[in-house]
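Chemist: sequence first, then the predicted structure:
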Amino acid sequence: MASAPWETQQFDLKGVDVLLETVARLPFLKLILLWRGLFFADLVERVEKRGISDRVEIINRRVKVDDYLRRAHATILLAKRSDIVKSYPHSLMESLVASKPVLVSNTIPMADFVRQNQCGLVLDKVHIGSPTAAIETLMKQYDDLARTARQIG
């Protein structure tokens with residue numbers, strides 16, 4: 001996940017808390033967060049509170065995104081409102097270029113592209129349970145979604 005919050009309310013609006021809860025519910029899931037430095041202590045506290053420090057990797061510095069995409073299966077970006085992320089977020093575009101499917105909220109304009117091209121999955125709402133269902137679908141359809149992401153990318 002990229003696109004870290006720049007305001008504390010965005011832990012909710014960008015689905016960070018929902019993602020952390022998803023990791024807590026799915027013991028096989030690991031999450032890499034590319035962070036911006038803002039609210040780092042808040043993030044660490046939220047991760048520790050859920051007891052998932054061993055499965056959440058927080059990268060709080062400038063990095064080559066490619067290095068982390070190689071280690072990931074997909075990229076996720078959630079938003080409860082369309083005005084808090086770009087229409088075509090760089091993190092999602094970079095994921096497709098790296099042949100990785102994307103999970104995206106329906107509120108993000110790029111969701112139409114993802115749906116039409118079947119290069120990932122679109123979540124209708126950001127709430128506890130929606131990423132879980134999407135991740136389970138991603139696992140079942142991974143080969144097809146990754147192949148399409150590779151072609152689109």
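Modeler: Thanks, I have it.

Chemist: nearest residue to the middle of this structure?
Modeler: Nearest to the geometric centre of the chain sits Ile76, at 1.9 Å (C-alpha atoms, centre = their mean).

Chemist: following the helix or strand where that one lies, which helix or strand comes up?
Modeler: Taking DSSP states H and E as the definition, one finds Ile76 inside strand 75-77. Beyond strand 75-77 in the direction of the C-terminus, DSSP H and E gives the next helix or strand as helix 90-97.

Chemist: and the next element down the chain from that following helix?
Modeler: strand 102-105.

Chemist: run the chain-centre distance for the helix or strand that comes right after that following strand.
Modeler: Using DSSP H and E, the next helix or strand after strand 102-105 towards the C-terminus is helix 110-117. In terms of C-alpha atoms, centre = their mean, to the nearest Å, the centre of helix 110-117 is set 16 Å apart from its chain centre.

Chemist: the inter-axis angle of helix 110-117 versus helix 90-97?
Modeler: 20 degrees (axes from the mean of the first three to the mean of the last three C-alpha atoms, to 10 degrees).

Chemist: contacts for whichever helix or strand comes after helix 110-117 next, please.
Modeler: Of the helices and strands lying after helix 110-117 in sequence (DSSP H and E), the nearest is strand 120-123. With C-beta atoms under 8 Å, 6 or more residues apart in numbering as the test, strand 120-123 has contacts from 74, 78, 92, 96, 101-106, 111, 114-115, 130-131, 134, 137-138, 145, 149. Bear in mind the C-beta positions are built from the backbone N, C-alpha and C, glycine included.
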